[in-house]
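A.B. asks: A predicted structure for the sequence below; I have some questions about it.
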Amino acid sequence: MASSDSTHRPDADQEPSMSEHDVLDDTAAVLPFPAHTPHAPYYAVIFSSLRTDGDNGYGAMAERMVELARTMPGFLGIESVRDEEAVTQGRPGITVSYWSSLEAIHEWKNQAEHRVAQQRGREQWYAAYHLRICKIEYDYGFAR
């Protein structure tokens, strides 16, 4: 496929290729890249974080949160990057989840099991984090 400035998205039925960068943190959960999203507009939640040392149940909870998010109305996809060295060397990781509306994001934020994960994150898993919510007005891409 050639580079384009249009909002063309891959066919939703076509499975994207996977690479080693498609894993969520140090877990075995494999995520498609790029996340399948509709034509703009839609919303992105950008979660940048610095982890504390040790897993302490983080990997299992991260996998569960992806599984749970996929069941939520309005969830469109997720992309996440952090390697093991990032945790031990204090480098940030980033997770971007995509949603159809601000209401869907609000419902996800307040989902009971997700609230427990948020609390554990503040108490145990994150040295620091920053969350941003953005409206995607335009997107395009390139793939071979």
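C.D. replies: Thanks, I have it. Note that the coordinates shown come from a computational prediction; the quantities given were computed from them, not determined experimentally. Residues are numbered from 1 along each chain as shown.
A.B. asks: and Arg120, how far is that from Ala60?
C.D. replies: 11 Å (CB to CB, to the nearest Å). Just so you know, the C-beta spots here come from the backbone N, C-alpha and C atoms, and that holds for glycine as well.
A.B. asks: kindly report the same for Glu113.
C.D. replies: 13 Å.
A.B. asks: likewise for Ile136?
C.D. replies: Applying CB to CB, the value for Ile136 to Ala60 is 30 Å.
A.B. asks: which of those two has more neighbours?
C.D. replies: Neighbour tally, Ile136 and Ala60, criterion other CB atoms under 10 Å: the higher count belongs to Ile136, 17 against 11.
A.B. asks: tell me the contacts of that one?
C.D. replies: 37, 40-44, 98 (CB atoms under 8 Å, 6 or more residues apart in numbering).
A.B. asks: and which of these is nearest to Val66?
C.D. replies: Tyr98 (12.6 Å; CB to CB).
A.B. asks: can I get the CA coordinates of the one helix or strand that closest one maps to in CSV?
C.D. replies: Assigned by DSSP states H and E, Tyr98 belongs to strand 93-99. C-alpha atoms of strand 93-99 as CSV (Å, rounded to 0.1, in the frame of the first residue of the first chain):
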residue,chain,number,x,y,z
GLY,A,93,5.9,3.3,28.8
ILE,A,94,2.9,4.4,26.9
THR,A,95,-0.5,2.9,26.3
VAL,A,96,-3.0,4.5,23.9
SER,A,97,-6.6,3.2,24.0
TYR,A,98,-9.2,4.4,21.4
TRP,A,99,-12.8,5.1,22.1
